[in-house]
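K.L.:
Any chance you can model this:
(chains A and B)
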Amino acid sequence: MRPLMALVRKELVVLFGSPVAYVTLTLVALVTALLFFDHLRVYNQILFLYTSTVMGGFESGTVPGHFNLQDQVFVPLMEQLGLTLVGVIPLVTMRVFSEEKERGTEELLMTTLLTPHQIVVGKFVATYLFVSLMLAVSFIYPVTSVVYAGLGEQHIAAVFLGLLALGCGLSSIGLACSAFSTNQLVAAISAYAVAFVFYDFAWAGSFVNETVASFLDAISINPRFRPFAEGLVALEDVVYFAGMAAIAYALARLSLEWVRVR
Amino acid sequence: MGSGALSVRELALAGTIAIAFGLGSYYATDEFGRFGGLNLAIGSVALLIALIGRVRRFRGLGSSVSRRALAPQILLLVLVCAGSILAERLADRAGIQFDASTDQRFDPAPATREALARIEGEVRVTLFFEPFDPRARRTRLMLDTLARLGPLQIEELAVDQAEAELDRFGVSSANSVVLERGAQFEVVERPTEGSLLEGLLRLENRVSQTLYVALGEGEGDMTDGGDLGFAGLASALSTEGYEIRGLVTSAIREIPADAAGIVIVAPRRRLRAEALTALATYLDTGGRLIALLEPGYETGLEPLLERYGFGLPPAAVVDPASGPVEGLPDHTSPLVSSYAQHPATAGLSQRTMALLPGARPVFALRKPRPEDHLSGLAFSSHLSWLWDRDRPIDGHAKPARAPGTPVRPHSMSAAGRYPRPQGETRIVVFGDSDFARNAYLRSLYNLDLIVNAVHWVTASEERITLRPKVFTPTQEPLPPEYALRMLYGVGLLVPEILLICGAIVWLRKRSA
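P.N.:
Below is the predicted model of the structure:
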């Protein structure tokens, strides 16, 4: 356990020792803030129109039930944050394995006390921890306003759990791509491509029959995250993201073995 | 490959970028145009060629040593993939989910569960949606939740591609749901759990019972859709399978034989003697009555109800535990703090309160015969007291407790069951009618209280249940000063601090 923790610590130190971590965190925080305040501005403007004297004011019943802070600001923001993660997470994961290959330190790592299993788990855990921190930073704005709007703590916890699951799922894609690449740029671009393809297969719906479309929907990432944003935690969605992590782990193990064999 | 030709890696990278742009154009425009399609096709071909090239490069890995080394990892990968798919399918079949939403919107009410369990055959459910409509997303989840509980076959149609279906069903707006069984269909324009349940109940087309609603002495108007009217109650009762008919009491000598029950809602004038006689005869021979009586009005029903053991003192219930209601003095709108153990209040508890604005007390005083059953149904809090009034409550009157007035829970509704040779008489009396007006009917558990009382009176106990509730989160705007405070305090400060940290790390690394 101690070598594993040492590897996790080393990975985090390397990450925070480079400006990439701070730039990524800044980027996510800034994008979330801008999206959030833009949603808020639009919400306030439309609400003003609904409640104007021309429309009869607040008591007139002209404000539709779905027009509230939770549904107009929080939930859409969380969905957009999911798409933002697709853009940011490959920047974090690109270096995890490919940097070792690029520098030739991979063989060195294999000669330490760490088993291949521990190497892969250590790198995965460090990346997941960083992604969790990134999500915590981006979660500050919506939570402060939504507490004001009366969204329950349970709901907020469910949304955060969903973001964590999504973050870990996307990280797993990035890590698998990084494991099979010797170049950080190639790792990032291939992670973008795979994440984009799997994010939502709705685009393929019009080309295929119903059975294939429902299969594609079942393997898409976004439909799995949506229920969390609404406050619904379904076991199948949690298992889906856990499965992504497990497959990425197996791919990374295969990649390590591949290197050893070659 | 020569230096002029693309290497496997370059081809793979170019193909990946082409696919990313193709999909990016789809996400941006929600359309697969020529640009997107071409990029996807070229990217796929490039990736395929690169993959073939890559495989040819790895022919050397086919040695037995390599195979032995790689085989366990490939087996692990296959097992993990198969295990993940199996686990996901099992989890999907188990349908285990935790509803953490603030309004518990994915935890259907008992009424919905029962209605879905009762459905025979399949109900086709079509959601008409507009892309990017946030309401459709919620409706989709709601329908998926309901489909787990009953035989619903869900289909989705984009409104811009389903003109014929829109015309066929008369759907006028997006985020509408059509429930269809055989040739019958119901359109639900604003799908919530409640409206979908009502649609399903209407589709079920149960055999109706007839309820007669008394008219002609200033009773509540069951056709009025305004705040003061009772059209909501009439609609709810129709949905539950009752046919509502008016009964002009001044013109009758006897109650119609097909009456499943009589509903009398807050008469403002005394009922005529002939009507009271007809009602007495009806009740003596196993009749069913629901009476909603306001304080300060003499209806002529009081002596008749006293014969059945009800006490209706000319007073109003004052409950300091209750909140204010517009137009009424403080503390005169008691909440039901507790319910009696009675079939009509099954499922209701201290956590499922009802609001009875301006209620009068209704006591269960004494059973006319030993075999009769008589009990209070809904009670005010232990802080309440009775305010002697022989006039209606209005906003100008202020309750003042006279010294010595007892403070204790007071019954605001009572129910009696009287087995008689000609049939079983059932009576429920409420000391209020406002709680069933359109303005308050959907507040708290008012609807359940009145509709379940009707079900009990008509001996339809199997229909007694709790219905879905509607919750609307705060609709107030976020004050500008609060939003600005957040923008500067959190929105900009956090990224700024992070960027400063990044800059310091970068400079230190450069100088190291």
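
K.L.:
Where does the residue nearest the centre of chain A sit, in terms of helix or strand?
P.N.:
Centroid check for chain A by CA atoms, centre = their mean gives residue A:167 as the closest residue, at 2.5 Å. Assigned by DSSP states H and E, residue A:167 falls within helix A:153-179.

K.L.:
what about that helix and chain B, touching?
P.N.:
Yes: against chain B, helix A:153-179 shows contacts by CB under 8 Å from any CB of the partner chain at A:154, A:155, A:157, A:158. C-beta: built from backbone N, CA, C; applies to glycine.

K.L.:
Which SSE is immediately downstream of that helix?
P.N.:
With elements assigned by DSSP H and E, the helix or strand that comes after helix A:153-179 is helix A:184-199.

K.L.:
helix/strand/coil for whichever residue of the stretch 301-450 of chain B sits closest to chain A?
P.N.:
With CB to the nearest CB, the shortest gap between the stretch 301-450 of chain B and chain A falls at residue B:326, namely 10.0 Å. Assigned by DSSP: H, G, I helix; E, B strand; the rest coil, the conformation of residue B:326 is coil.

K.L.:
Around it, count how many other residues there are.
P.N.:
8 (other CB atoms under 10 Å in any protein chain shown).

K.L.:
now swap in residue B:404 and tell me
P.N.:
5.

K.L.:
Can you list the low-confidence ranges for the chain?
P.N.:
All of this is about chain A. For chain A, the stretches with pLDDT under 70 are A:53-62, A:65, A:145-146, A:148-150, A:205-206, A:262.

K.L.:
sorry, should have said chain B
P.N.:
Applying pLDDT under 70 to chain B flags residues B:1-6, B:30, B:55-63, B:132, B:205-207, B:470-475.

K.L.:
So if we follow the domain assignment, how does it break up?
P.N.:
With domains defined by automatic domain parsing, chain B comprises B:8-93, B:110-200, B:215-463, B:476-512.

K.L.:
so which of those comes closest to residue A:115?
P.N.:
Nearest to residue A:115, of all the domains of chain B, is domain B:8-93, at 13.2 Å by CB to CB.

K.L.:
which helices and strands does the lengthiest helix in chain A pack with?
P.N.:
Ranked by residue count, the top helix of chain A under DSSP state H comes out as helix A:19-50. Using 3 or more CB pairs under 8 Å, 6 or more residues apart in numbering or on different chains; DSSP states H and E, the elements in contact with helix A:19-50 are helix A:75-103, helix A:116-138, helix A:140-149, helix B:480-486, helix B:493-511.

K.L.:
would JSON lines of the domains of chain B with distance to residue B:101 be doable?
P.N.:
Below are the domains of chain B laid out as JSON lines (distance: least, CB to CB, whole Å):
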{"stretch": "domain B:8-93", "distance to residue B:101": "20"}
{"stretch": "domain B:110-200", "distance to residue B:101": "9"}
{"stretch": "domain B:215-463", "distance to residue B:101": "18"}
{"stretch": "domain B:476-512", "distance to residue B:101": "20"}
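
K.L.:
Need the winner for burial among the ones you listed.
P.N.:
With neighbours defined as mean count of other CB atoms under 10 Å in any protein chain shown, those peak in mean count at domain B:215-463, which reaches a mean of 19.

K.L.:
Can you give me the first-to-last residue distance of that one?
P.N.:
Start and end residues of domain B:215-463 are separated by 27 Å (CA to CA, to the nearest Å).

K.L.:
so how far is it from its chain's centroid?
P.N.:
25 Å (CA atoms, centre = their mean, to the nearest Å).

K.L.:
Among the helices and strands packed on helix A:19-50, which comes closest to residue B:447?
P.N.:
Nearest to residue B:447 among the helices and strands packed on helix A:19-50 is helix A:140-149; the distance by CB to CB comes to 26.4 Å.

K.L.:
Now do the contacts for residue B:159.
P.N.:
For residue B:159, the contact set (CB atoms under 8 Å, 6 or more residues apart in numbering or on different chains) comprises B:128, B:129, B:130, B:166, B:174.

K.L.:
Run through the residues that contact the last one.
P.N.:
Going back to what we said before, that points to residue B:174. For residue B:174, the contacting residues are B:128, B:129, B:130, B:133, B:135, B:136, B:159, by CB under 8 Å, 6+ apart.

K.L.:
again with the fourth one
P.N.:
Remark: with contacts taken as CB under 8 Å, 6+ apart, residue B:166 is in contact with B:128, B:159, B:172.

K.L.:
Go ahead and confirm the last one touches residue B:189.
P.N.:
This points to residue B:172. Yes: Residue B:172 lies in contact with residue B:189 (CB atoms under 8 Å); the separation is 7.4 Å.

K.L.:
that older thread, for the contacts of residue B:159, could you give me TSV that also reports distance to residue A:130 and secondary structure?
P.N.:
Shown next, in TSV, are these (distance: CB to CB, whole Å; DSSP: H, G, I helix; E, B strand; the rest coil):
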residue	distance to residue A:130	secondary structure
B:128	43	strand
B:129	37	strand
B:130	38	coil
B:166	49	helix
B:174	41	coil
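
K.L.:
for those residues, which one is nearest residue B:100?
P.N.:
Looking across the contacts of residue B:159 and measuring by CB to CB, the closest to residue B:100 is residue B:129, at 24.5 Å.

K.L.:
Test my guess that the closest one contacts residue B:160.
P.N.:
No: between residue B:129 and residue B:160 there is no contact under CB under 8 Å: 10.1 Å.

K.L.:
Now stretch A:63-81: buried residues?
P.N.:
Neighbour-count burial for stretch A:63-81, with 16 or more other CB atoms under 10 Å in any protein chain shown as criterion, is recorded at A:63, A:66-81.

K.L.:
cool, stretch A:248-262 as well?
P.N.:
A:248-259, A:261.

K.L.:
can you check stretch A:111-125 too?
P.N.:
Judged by neighbour count using 16+ other CB under 10 Å, the buried positions of stretch A:111-125 are A:114, A:116, A:118, A:119, A:120, A:121, A:122, A:123, A:124, A:125.

K.L.:
among those residues, which are in reach of chain B?
P.N.:
Okay, of the buried residues of stretch A:111-125, nothing touches chain B (CB under 8 Å from any CB).
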